[in-house]
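Chemist: Provided below for reference: sequence and predicted model.
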Amino acid sequence: MKYKDFDPDKYKAVVLPGGFSFGDYLRAGSIAASTETMKKVKEMSNEGKVVIGICNGFQILVESGLLEGALLPNLSLRFISKWVYLKVIRFDTVLTRGLNKTIIRMPIAHAEGRYYHKDVERAKSLAVMQYSDEKGQVTPHANPNGSLLNIASIANEEGNVIGMMPHPERASFKLTSIDGSTDGLLLFRGLRRLEN
Amino acid sequence: MKINLSQYEMDLVRKGLGREPNEAEWLTIDALWSEHCAYKSSRVFLKSFPSTGERVVMGIEDWQDAGALDVGDGWAIVLKLESHNHPSAIDPFNGAATGVGGIIRDIISKGARPIALLDMIRVGDLSKSRNRWLLKNIIAGIGFYGNSIGVPVVGGELAFDSSYDDNPLVDVAGVGVVRRDRIIPSVVKEAGLKIVIVGLTGLDGLGGASFASRKLSGEDEIGAVQIADPFAGKIVLDSTLAVVDKVEAIKDLGGGGLVVGVTEMANGLGAVVELDKIPLRVKDMKPEEILVSETQERMLFAVKPEKVEEVCKEFEYYEYPCAVIGEFVKEPYIKFLYEGKEVVNLPSSLLLNPPRYIWNVKKPIRKVGERPNINLEDVIRKVVTHPDLVSKEWAYSQFDYEVGTSTVLKPGEADSALIELPNGKLLAIKGDANPDLCAEDPYECGKSIVAEAYRNLASVGAKGIGLVDHLQFGDPRKPEVYYYFVEAVRGIGEAARFFSTPIVGGKVSFYNENKEGKPIKPTPLVVMAGLVEGKFLRNKVFEGLDIVLIGLTRNELRGSLLTKIFGSFGDVPKARLNEDLLASELVIRAINEDKAFLVKDVNRGGLIASLFQILIKDFGVSISTKNIISDEEDILAKLFSENGGRFIVLTNDAEWFMRSSKGIHVSVIGKVVKESRRMRLDDTVIDLNKEVDQYYNFLYEVMG
């Protein structure tokens, strides 16, 4: 699928994957947010269809106003690739509904992933996953990029639009997983649960 | 613009041409005859490399941009290794980033999809702020390009030596995958094909090939550095791979720019190019500037006239410039026209036949001291905390090493990277160099780095199938420098022949010197690829496992990390390639029979450095030094010798190794114990808690 040829009426759901849309030259996701393609994605979200943004996809969703808040440069000002633990705290989204695990593991790889929202209470209510340690404790040490409340993922109130900085697709295959776990697959199975 | 040609070469040109070339023609010849493009001082020796084998699909003698090896099921991998040393010394961010871009375009030139990168970085001591600035920007530049374009950096090296103070080494290797029967040539075989360029030509990188072929002047040479644009690079990548079936030849416009691209692609045929038709980034560029600009993200295609429109449509979808600028002709002359006038008109044969040089050699005299009287505990602490051996997480965490979801073993996890190929096979890949040993004995060193790469691949369960090399030295006209070059080539070639790992590609980078004209330590580098034929190993450590040392330890400490720190003494380690082969075979068998939990090659820092890798996992080791089998009873040799042919293996079946060894020494030298970060050597317990902390934190603390 090439981005200019995208027809939203053909699909029930859209995943905006990671990458560097338009080189992320101005600010991560900002140029992509103003494309015709994103207008079509907005239509889908308004119709209640599923919209998922992973990494750069999350940045685009925030830049285009489909999700609240902002993704700022990492506190270290460096790109960070790292496997992290996540604590799932909202189970009413398309990815987490019916999930039977609360601590999951997958990698992050981004330079601009520090979640920010001017209303802390609001951020708390939208958050889906937080960076945590192995035991699920949400500590400053477990926060790789300085995100507000260790937030790694948020969704809209309805739960049909969800963005996450970590990469579930990179934790979906036993061979390429750091420890053989495939927690990313558990999230994608949420989409199948939706289908049924 | 500066011209590098010698008086002798200029006379050669005048004689061959029968007239005085104009300025544009001098620039053209200067680029094509640059050491960077023409291998004037190296080709005679490079021809000695073993370049054939059953897996070789495209070898060094094809003199293409990259080499290719068969990996089964109709697939081939394309390998390429190149440095971007001089640009990185001036503008480390753009220099390193464009180094990555160049490698990627070399791979797509063959019609292959790039799937992995390695970076081998060498800079001066980090106590100097300029070196920190260089390193910070080199790493950021590689990340900027590789991360954006979506090709993972899966491994590499980061090492330090003061000889790189003014002249850092930035080597990037790339791996691509392609159907074996779909590899695209870089040269044309017939006249009448249209020359198509994609991308804008600007004012950056003017005369870059010539710049790379002389020592850094210390003057303002920023104009010779290219600027990186990874988004454009991504469009070029995707669109080029989409048109591979519609073109006859592809060439990256790299070193030397358009003149080199067109002339090399014509490969003896002629070409007529109209410079006015080239899409420009800035107005009013002079024809001479268009000729030798090295603006990145440009490709050259040879296309049948009826297919031109189809090819350009692919690029125009992304609003990327694509233009027909001329055609290949029978008459063997390279002509560039501007506003209807001939700017360049030179015979192909002159351009493609630069002089060859065999310079004088002289063996350098090395100073060797006495064995120092040093405190063992002190030595251990100093060696394991040397910056060459610390965790490189600070660097590789800035790379998206998992994009593409094919990275099986991640950076820092093992002695070799491991990636999954489209046919499901696992490819191991590793780069190795050893400048301290090369400075002592380039021939033994040449053999050793190939052997080390072979062992590194074996440590994850893979068998080497081929390699690419990059030879980095000072000014070849200096006899001592040329001696290093010639001897290293001899060693690399010999070992590659021994291991049946043909050399399918390579580059040479001369004129790596500091401002005073002092050359870098000779730094030949090899990158070897191998395949896992059965099982692969993901290292694990458990308490109670036996530590088995495979191979014989020899009292050969010269060129080691120990002597780098405490002063040179002892013998030069000889590369006994059969030991490397037998030890590697034993290790691969152990992995396949589930006898090995961790395998670590013994190399830089000696046995101690290998054992330290267990301590960083928060375990301890208990070692009986009398069980370390060595040719002389010297504790320094036992613990710090870097002679080849050795591994340590963690196992719960040490007996198996004794029974299975064919001609290789095997001994149980100790056990993994639960006392975290402690090393017991016979009756002495050394607490290395601080050193392990330093291992993890050093680069973060120094680099901020």
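Modeler: That came in fine, so what should we check first?

Chemist: which one is the closest residue to chain B within chain A nearest to, not counting chain neighbours?
Modeler: The nearest approach of chain A to chain B comes at A:Gly23, 2.9 Å away (Cβ to the nearest Cβ). Any C-beta I mention is one placed from the backbone N, CA and C, and that applies to glycine too. Of all residues not flanking A:Gly23 in the chain, B:Phe231 sits nearest, at 2.9 Å (Cβ to Cβ, 6 or more residues apart in numbering or on different chains).

Chemist: who's in contact with the one you found?
Modeler: A:Phe20, A:Phe22, A:Gly23, A:Tyr25, B:Ser148 (Cβ atoms under 8 Å, 6 or more residues apart in numbering or on different chains).

Chemist: can you tell me the closest non-neighbouring residue to the first one?
Modeler: Yep, that's A:Phe20 we're talking about. Of all residues not flanking A:Phe20 in the chain, B:Ser148 sits nearest, at 4.0 Å (Cβ to Cβ, 6+ apart).

Chemist: by mean pLDDT, point me to the weakest helix or strand of the chain.
Modeler: Reading this off chain A. Of the helices and strands making up chain A, the lowest-confidence element is helix A:183-195, at a mean of 84, by mean pLDDT, DSSP states H and E.

Chemist: oops, chain B please
Modeler: When each helix and strand of chain B is scored by mean pLDDT, DSSP H and E, helix B:208-211 comes last, with a mean of 63.

Chemist: which one is the spatially most central residue of chain A nearest to, not counting chain neighbours?
Modeler: The centroid of chain A falls nearest to A:Met164 when counting by Cα atoms, centre = their mean (1.3 Å). Using Cβ to Cβ, 6+ apart and skipping residues adjacent in sequence, the residue nearest A:Met164 is A:Ser153, 3.6 Å away.

Chemist: which SS class is the one you found?
Modeler: Of the three states, A:Ser153 takes strand according to DSSP: H, G, I helix; E, B strand; the rest coil.

Chemist: need the pLDDT of it.
Modeler: Each residue has a pLDDT score; the one for A:Ser153 is 98.

Chemist: all the helices of chain A, residue numbers only.
Modeler: Using DSSP state H, the helices assigned to chain A run over residues A:30-33, A:36-46, A:56-63, A:120-126, A:183-195.

Chemist: B:Leu427 falls within a helix, correct?
Modeler: No: residue assignment for B:Leu427, taken from three-state DSSP, gives strand, which places it outside any helix.

Chemist: can you name the residues bridging to it?
Modeler: When bridges are assigned using DSSP bridges, the partners listed for B:Leu427 are B:Ile419, B:Leu531.

Chemist: and what of the one 5 residues further on?
Modeler: Note on B:Asp432: beta-bridge partners by DSSP bridges are B:Val526.

Chemist: which one of the contacts of B:Phe231 is nearest to B:Glu413?
Modeler: Closest approach between the contacts of B:Phe231 and B:Glu413, by Cβ to Cβ: B:Ser148, at 24.4 Å.

Chemist: would you confirm that that closest one contacts A:Ser21?
Modeler: No: the pair formed by B:Ser148 and A:Ser21 falls short of the contact definition of Cβ atoms under 8 Å, at 9.9 Å.

Chemist: how close does the closest residue to B:Lys234 other than its chain neighbours get to B:Ile184?
Modeler: Taking Cβ to Cβ, 6+ apart as the measure, B:Lys234 lies nearest to B:Ile149, with 4.9 Å between them; neighbours along the chain are not counted. When distances are taken as Cβ to Cβ, to the nearest Å, B:Ile149 and B:Ile184 turn out to be 20 Å apart.

Chemist: of the two, who's got more company?
Modeler: A direct count of neighbours by other Cβ atoms under 10 Å in any protein chain shown for B:Ile149 and B:Ile184 places B:Ile149 higher, at 26 against 22.

Chemist: residues in contact with residue 117?
Modeler: You didn't pick a chain, so chain A it is. A:His117 makes contact with A:Glu68, A:Gly69, A:Ala70, A:Ala123, A:Leu126, A:Leu148 under the criterion Cβ under 8 Å, 6+ apart.

Chemist: hmm, I had chain B in mind actually
Modeler: B:100, B:103-104, B:142, B:146, B:151-154, B:172-175.

Chemist: and the residues you listed, which two are furthest apart?
Modeler: With distance counted by Cβ to Cβ, no two of those lie farther apart than B:Ile142 and B:Val175, which are 15.5 Å apart.

Chemist: next one: the residue nearest to the centre of chain A from B:Tyr696, what distance?
Modeler: Counting by Cβ to Cβ, the gap from A:Met164 to B:Tyr696 is 28 Å.

Chemist: cool, B:Ile29 as well?
Modeler: Computed with Cβ to Cβ, the distance linking B:Ile29 and B:Tyr696 is 53 Å.

Chemist: ditto for B:Val44
Modeler: When B:Val44 is compared with B:Tyr696 (using Cβ to Cβ), they lie 47 Å apart.

Chemist: same check, this time on B:Val170
Modeler: Look at B:Val170 and B:Tyr696: by Cβ to Cβ, they are 25 Å apart.

Chemist: circling back to that earlier point, near chain B too, which of the contacts of A:His117?
Modeler: With the criterion set as Cβ under 8 Å from any Cβ of the partner chain, no member of these is near chain B.

Chemist: just list whatever residues bridge to the spatially closest residue to B:Arg680 that is not a sequence neighbour.
Modeler: With Cβ to Cβ, 6+ apart as the criterion, B:Arg680 has its nearest non-adjacent residue at 4.2 Å, and that residue is B:Ser622. On DSSP bridges, the residues paired with B:Ser622 through beta bridges are B:Lys671, B:Arg680.

Chemist: pretty sure B:Ser622 is touching B:Val673, no?
Modeler: Yes: the criterion here is Cβ under 8 Å, and B:Ser622 meets it with B:Val673 at 5.1 Å.

Chemist: hey, what's in contact with both of these two?
Modeler: Going by Cβ under 8 Å, 6+ apart, residues that sit against B:Ser622 and also against B:Val673 are B:Arg680.

Chemist: and B:Val468, that's in a strand?
Modeler: Yes: the assignment for B:Val468, made by three-state DSSP, places it in a strand.

Chemist: and it, what are its bridge partners?
Modeler: B:Gly505, B:Val527.

Chemist: okay, now it: neighbour count?
Modeler: For B:Val468, the tally of surrounding residues (other Cβ under 10 Å) stands at 26.
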